[in-house]
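Q: No sequence on hand, only this structure:
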């Protein structure tokens, strides 16, 4: 089994704690910086990239090309200010595509 490197991209205050877990962090001031960072990390062989929800949402269209393959896995994570709901929305959407239902749906 191959090992993949992991990185986190977002505002400094939102990703700084990832470094405590040994995960590379890349600070981004805006969505364009985040997009450049993600592209660079992919080229450097990072297989898991945590991306703060605000940038993941803004870069939705740009990140589509990475969804066609197994790696990299780009995971939206909450910002320091708290979750915005985008990450959970993506999890629910992907679950419905994969298994045909959302097991977290309360209805």
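A: Alright, I've got the coordinates. Fair warning: this is a prediction, and the values are worked out from it, not measured in the lab. Residues are numbered from 1 along each chain as shown.
Q: tally of neighbours for residue 41?
A: Counted with other Cβ atoms under 10 Å, residues neighbouring residue 41 total 23. C-beta: built from backbone N, CA, C; applies to glycine.
Q: Could you list the low-confidence segments of the protein?
A: Within the chain, the ranges that satisfy pLDDT under 70 run 1-2, 81-107.
Q: So the spatially most central residue of it, which state does it fall into?
A: Geometric centre of the chain, nearest residue: residue 75, 2.8 Å, by Cα atoms, centre = their mean. With DSSP: H, G, I helix; E, B strand; the rest coil as the basis, residue 75 sits in strand.
Q: Show me what it bridges to in the sheet.
A: Here residue 75 sits in beta bridges with residue 50, going by DSSP bridges.
Q: Enumerate every residue touching residue 12.
A: For residue 12, the contacting residues are 25, 27, by Cβ atoms under 8 Å, 6 or more residues apart in numbering.
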